[in-house]
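Participant: let's see this in three dimensions:
(2 chains)
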Amino acid sequence: MTSYALYLGCIGPLRYPDIENSIRLTFKELGIELVDMEGATCCPAPGAGFKNFDELAALTVSARNISIAEELGLDVMTFCGGCQGSLNWANKLLQSDPERKSRVNEILSEMGREYRGTAKVKHLVEVVYEDIGVDRIKKIANDRLEGFKVAVHYGCHVLRPYRVEELDDPEKPHMLDDLVKAWGAESLEFPEKHTCCGAGGGLFANDRDLSLSIMRKKMVQIKELEADMLIDICPFCHMQFDLGQMQLREKGEDFSTPVFYYNQVLALLMGFDRNKVAFIENTPRDDVIRRILATERA
Amino acid sequence: MEVIELKNADRTLPQRVKEFGGIDLLACYQCGTCSSDCPVGTEFFFRIRRIMRKAALGLSEQVLPAKDIWCCTTCFTCFDRCPQDAKPTDVILALRRVAAREGYTPQASRNTSANITKFGHAVPSLEEIEKKREAMGLPARPPTAATYPEAIREIQLIVKKRGIAEIIRFNWEKMELEG
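Facilitator: Residues are numbered from 1 along each chain as shown, chains lettered A, B, ... in the order given. Below is the predicted model of the structure:
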């Protein structure tokens, strides 16, 4: 059986645990074992946390997290762009830089830990694409979402910097598009498709209006295309779109595209109860969930 | 037109940026690829190219106290597209580290690091969410620092070793930020 150490991060488990549960349930059913990383912490964020103040502190926190997976003898699976960005950056830097690695381990040794650099750090999209595969998703979905228009959002840190992530082409990625098309749905093309959601780098909290205006630029195009839903693969981008649209509505603007993490819709297609996989939201999803569930009877 | 007197410039700034991780600042030849690709730049007068130049010239008074360096979302688009590999995102992070040591850090950024120090997470666990977790059959708190206090102590050790509390002015006795 394929197994990964499940790295939870912060926003997933502490704000959108329905995303976490959709991942746990779908992976279990698809035969991928996810082992908890007990005592993991914040990653600690590519541009919002300790990395703003001290590089070695950020590296040490990331290395501590990775060392938990190393002890389990497993590769790490993240499901957040920011977590992927932090942990993979730290992992690759420390694997190639013995001096930084020894400085990190000097601190970790005081808590009885050691970072060895033996584990890989993969984002969920890579695991779904490579280990589960588009064909398997196609079989599950059976073209049920034919006629659904989907706007996909990769998020920045799953793809960039490319020299760290080395996953999909950051200028024209295809993995998430393929995984959405595997449902039978259409993946929309629009000019701002690959633009940042505006939440990262601390901007979400530092300047909410500016952060929202970056998101709004994307949402205008998604709304014009009459997308049935927006699909993301990062709980922080997810919060930006879900909560952010509500905040724009509070300012009198009409933005109401339903937002899902990829596995939430996958879970619905696999027959999991909506109340276990997609029920925490600020932007209503009832109508589109009803339409998704109705495709089963069709 | 404003005249910039370079004799008053802070010649230490490019060196400090380098020490704090912006190692290729001086490779920038001002082509502007970064600014034209920037998702923030279309919404606000935020120009990475200007920041790169000001940092290279040592215009500390213009760069370090301004909110601009804290407006980058770290999307790394400019980082990937820079023809000189000047790594603008790394320069921004380095400038934040220099600015923070001079006391210029937005409250929200201090808060996030204070949260990580207090909870081991960027956000605290909330009772409302804990109930929702339980309703799904998950433990009220995830099996992370939210469940294991020793994990938080380990993060606090890292914070102490690296002097983060001093930089963000975190008071260990009150377990909160000062001011």
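
Participant: report how many residues lie close to residue 51.
Facilitator: Looking at chain A here, since you left the chain open. 29 (other Cβ atoms under 10 Å in any protein chain shown). For every residue, glycine as well, the C-beta is placed using N, CA and C.

Participant: that's the other chain; I wanted chain B
Facilitator: Residue B:51: 24 neighbours (other Cβ under 10 Å).

Participant: cool, the one 10 residues further on as well?
Facilitator: Using other Cβ under 10 Å as the criterion, residue B:61 is surrounded by 13 other residues.

Participant: swap in residue B:176?
Facilitator: The burial count for residue B:176: 12, using other Cβ under 10 Å.

Participant: for residue A:50, see how far away it is.
Facilitator: From residue B:176 over to residue A:50 the distance is 17 Å, taken as Cβ to Cβ, to the nearest Å.

Participant: how does chain B divide up, domain by domain?
Facilitator: B:13-101, B:107-177 (automatic domain parsing).

Participant: out of those domains, nearest to residue A:42?
Facilitator: The closest of the domains of chain B to residue A:42 is domain B:107-177. By Cβ to Cβ, the value is 4.8 Å.

Participant: all the helices of the stretch 51-200 of chain A, residue numbers only.
Facilitator: Along the stretch 51-200 of chain A, the stretches classed as helices by DSSP state H, counting those that start in this stretch are A:55-72, A:81-96, A:98-109, A:124-127, A:134-141, A:162-165, A:175-181.

Participant: now the third one, how far from the chain's geometric center?
Facilitator: Pointing back at helix A:98-109 there. Chain-centre distance of helix A:98-109: 29 Å, with Cα atoms, centre = their mean, to the nearest Å.

Participant: check stretch B:43-61 too.
Facilitator: With Cα atoms, centre = their mean as the basis, stretch B:43-61 stands 16 Å off its chain's centre.

Participant: likewise stretch B:142-152?
Facilitator: The answer for stretch B:142-152 is 25 Å, by Cα atoms, centre = their mean.

Participant: how long is that stretch end to end?
Facilitator: Stretch B:142-152 has its terminal residues 14 Å apart, counting by Cα to Cα, to the nearest Å.

Participant: what are the structural domain limits within chain A?
Facilitator: With automatic domain parsing as the reference, chain A has domains A:2-123, A:133-294.

Participant: now render these as a markdown table, adding mean pLDDT.
Facilitator: Compiled in a markdown table, the domains of chain A are given as follows (pLDDT from 0 to 100):
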| stretch | mean pLDDT |
| --- | --- |
| domain A:2-123 | 98 |
| domain A:133-294 | 98 |
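
Participant: just to revisit the earlier point, just send the domains of chain B back as a markdown table, with mean pLDDT and distance to residue A:152 too.
Facilitator: Formatted as a markdown table, the domains of chain B follow (pLDDT from 0 to 100; distance: least, Cβ to Cβ, whole Å):
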| stretch | mean pLDDT | distance to residue A:152 |
| --- | --- | --- |
| domain B:13-101 | 97 | 16 |
| domain B:107-177 | 98 | 25 |
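
Participant: ranking the ones you listed by burial, who's on top?
Facilitator: Sort those by mean neighbour count, taking mean count of other Cβ atoms under 10 Å in any protein chain shown, and domain B:13-101 sits at the top with a mean of 21.

Participant: distance of residue B:105 relative to chain A?
Facilitator: 8 Å (Cβ to the nearest Cβ, to the nearest Å).

Participant: look up phi and psi at that residue.
Facilitator: Residue B:105 adopts backbone torsions of phi -130, psi 130, taken as degrees, to the nearest 10.

Participant: find the nearest non-adjacent residue to it, please.
Facilitator: Residue nearest to residue B:105 in three dimensions, not counting chain neighbours: residue B:168, with 6.5 Å by Cβ to Cβ, 6 or more residues apart in numbering or on different chains.
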